[in-house]
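Visitor: build me a model:
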Amino acid sequence: MQSLSDGYVDVLDARDHLEDGEAAFRDENYDQADTAFSDAGATADRAETTFSDGEPGDEASFFDDAFDRAFQRTSVLQSLSEGYGLVVQSRATAEAGRQELRGRNFEAAKSKFQTADSTLGEAERVFTGAQSDAGEAYGPEIDRALCRVGHLRNAMDHFVAASQAGSDGDRDTLESELTAGETDIDRAGEC
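Guide: Predicted coordinates for the structure are as follows:
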């Protein structure tokens, strides 16, 4: 069926956009990453529409399983796009927290890091929700996304602790928590 082949062209394009977004994120080009993740979501939406337009009616069809698989893959791509969009958003909030921390505005920094962690928690829920549909085709990508989010959330916990230590005047703990947070950020890049 033509809609299956046309839709899968969009699925492949969406996957390419996701890979571009991941590469841009690793290179710390967050605007480009955000654009690529947004493009992936829009392309996955287009694939879903194409599949829906060509889906067989109520009658039994040889293509039912193919359409089911196509919809699952599209759903996973949409989740990856949404989740990584949240990761990029959290990164901007965390960077604002780092600026506050450098300015010794410890309570404001703590609040920013907590907000970033909350946004990462949303991303984690989106990725986790996609696990059942991921299968072999997208399972490794979902696992990698969850690995990254886990390390980034750990980093936010360390940055919150560093901010609290700064408020308490405990410079040694502030420094050790910052170092631990940076280590977790590095680990996220190794997923």
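
Visitor: mind checking how far the strand or helix carrying Arg153 is from the chain centre?
Guide: Using DSSP states H and E, Arg153 falls within helix 106-168. Centre-to-centre, helix 106-168 and its host chain are 9 Å apart (CA atoms, centre = their mean, to the nearest Å).

Visitor: so after that helix, what's the next helix or strand?
Guide: Per DSSP H and E, the helix or strand that comes after helix 106-168 is helix 171-189.

Visitor: quick one, that next one and helix 106-168 angle?
Guide: With axes from the mean of the first three to the mean of the last three CA atoms, to 10 degrees applied, the angle from helix 171-189 to helix 106-168 works out at 130 degrees.

Visitor: need the residues that contact helix 171-189.
Guide: 26, 101, 147-149, 151-152, 154-159, 161-162, 165-166 (CB atoms under 8 Å, 6 or more residues apart in numbering). Yep, even glycine has a C-beta here, placed from its N, CA and C like the rest.

Visitor: what are the buried residues along that helix?
Guide: 174, 177-178, 180-181, 184-185, 187-188 (16 or more other CB atoms under 10 Å).

Visitor: counting neighbours, what do you get for Phe71?
Guide: 17 (other CB atoms under 10 Å).

Visitor: name the spans of this structure whose pLDDT lies under the cut-off.
Guide: 1-5, 8, 54-67 (pLDDT under 70).

Visitor: let's see that with 90 instead.
Guide: For the chain, the stretches with pLDDT under 90 are 1-19, 21-31, 33-34, 38, 40-75, 77, 92, 132-138, 189-191.

Visitor: center of it - which residue?
Guide: Tyr84 (2.3 Å; CA atoms, centre = their mean).

Visitor: what sits against that one?
Guide: Contacts for Tyr84 (CB under 8 Å, 6+ apart) come out as 18, 21-22, 25, 33, 37, 40, 123, 145.

Visitor: buried residues, the stretch of helix or strand it belongs to. List them.
Guide: Assigned by DSSP H and E, Tyr84 falls within helix 64-102. Of the residues in helix 64-102, those buried under the neighbour-count criterion (16+ other CB under 10 Å) are 66-67, 69-91, 93-94, 96-98, 100-101.

Visitor: run the angle between it and helix 171-189 for me.
Guide: Going by the same axes, to 10 degrees, helix 64-102 makes 160 degrees with helix 171-189.

Visitor: how far off centre is helix 64-102?
Guide: For helix 64-102, the distance to the chain centre is 3 Å (CA atoms, centre = their mean).

Visitor: stretch 168-175 now?
Guide: The answer for stretch 168-175 is 31 Å, by CA atoms, centre = their mean.

Visitor: with stretch 93-113 instead?
Guide: How far stretch 93-113 lies from its chain's middle: 22 Å, per CA atoms, centre = their mean.
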